[in-house]
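Q: Fold the following, please.
(2 chains)
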Amino acid sequence: QVTLRESGPALVKPTQTLTLTCTFSGFSLSTSGMCVSWVRQPPGKALEWLALIDWDDDKYYSTSLKTRLTISKDTSKNQVVLTMTNMDPVDTATYYCARISGSYSVFDYWGQGTLVTVSS
Amino acid sequence: DIQMTQSPSSLSASVGDRVTITCQASQDISNYLNWYQQKPGKAPKLLIYDASNLETGVPSRFSGSGSGTDFTFTISSLQPEDIATYYCQQYDNLPPEYTFGQGTKLEIK
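A: You can find the predicted model right below:
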């Protein structure tokens, strides 16, 4: 059974760095073809893809946010970490981690999401 | 970047109605198009992948079609449990990049 769970602070101040952890089970990120990605959703708005890390430790980022994002993995702990620098109130959103399989194509399993509010 | 235009943004229909949502890509994406259902307070759920393939366990009243730039998502007979927001999502795997549509909020009339 594949599960993913996001963890991190519920509240961050403007200009701070956000660190989120995705802890997963039911698959290995060392298996060829497996990837974990981050997607966010501001309240009442659409989904936005942020970053992806694959089984080979290749990393890919949203063009619009790549200067602020870093994704990494700890295969032994089954964890993927996303950091986002210089947080702003417009970054207030629910942040999801999701598994991608099948040639980087589909988000087939999702975590429940974690709401991050950016406010002073 | 590829842009996805999804319409309508909201839709009200009756139980048993046929419901159609469209998604248009700003350039040819072949069949690299997926559809998700998101219920309030929940994570998205994959329904259709590669434009027309039904994900395992998803009811057959859901279907998808299209290729190139124009795609359609259909619910053949709307059920009360189908109330949700639906998103299309395109992918490019060289390098990986993903764009979601703006969503269609489906309500019961």
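Q: Could you pull out the strands in the chain for me?
A: Unless you meant another one, I'm taking chain A. With DSSP state E applied, chain A shows strands at A:3-7, A:11-12, A:18-25, A:35-41, A:48-54, A:59-61, A:69-74, A:79-84, A:93-101, A:106-110, A:114-118, listed in chain order.
Q: hmm, I had chain B in mind actually
A: For chain B, the strands defined by DSSP E occupy B:4-7, B:10-13, B:19-25, B:33-38, B:45-49, B:53-54, B:62-67, B:70-75, B:84-93, B:96-100, B:104-108.
Q: Those strands into CSV, with extra columns for mean neighbour count, mean pLDDT and distance to residue A:21?
A: (Each C-beta comes from the backbone N, C-alpha and C, glycine too.) Conversion of the strands of chain B to CSV gives the following (neighbours: other Cβ atoms under 10 Å in any protein chain shown; pLDDT from 0 to 100; distance: least, Cβ to Cβ, whole Å):
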stretch, mean neighbour count, mean pLDDT, distance to residue A:21
strand B:4-7, 17, 97, 30
strand B:10-13, 14, 97, 35
strand B:19-25, 20, 98, 33
strand B:33-38, 25, 98, 23
strand B:45-49, 22, 96, 23
strand B:53-54, 15, 96, 32
strand B:62-67, 18, 98, 33
strand B:70-75, 20, 98, 34
strand B:84-93, 22, 94, 24
strand B:96-100, 22, 93, 21
strand B:104-108, 16, 96, 31
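Q: Residue B:68 and chain A, how far apart?
A: Look at residue B:68 and chain A: by Cβ to the nearest Cβ, to the nearest Å, they are 17 Å apart.
Q: Might you report the residue contacts of the residue most central in space within chain B?
A: For chain B, the residue whose C-alpha lies nearest the mean C-alpha position (Cα atoms, centre = their mean) is residue B:35; its distance is 3.5 Å. Residue B:35 is in contact with B:46-48, B:62, B:64, B:73, B:86-89, counting by Cβ atoms under 8 Å, 6 or more residues apart in numbering or on different chains.
Q: go with 10 Å
A: Shown here is residue B:35, whose contacts under the criterion Cβ atoms under 10 Å, 6 or more residues apart in numbering or on different chains are B:21, B:23, B:44-49, B:51-52, B:54-55, B:58, B:62-64, B:71-74, B:86-89, B:101.
Q: Can you tell me who it pairs with across the strands?
A: For residue B:35, the beta-bridge partners under DSSP bridges are residue B:48, residue B:88.
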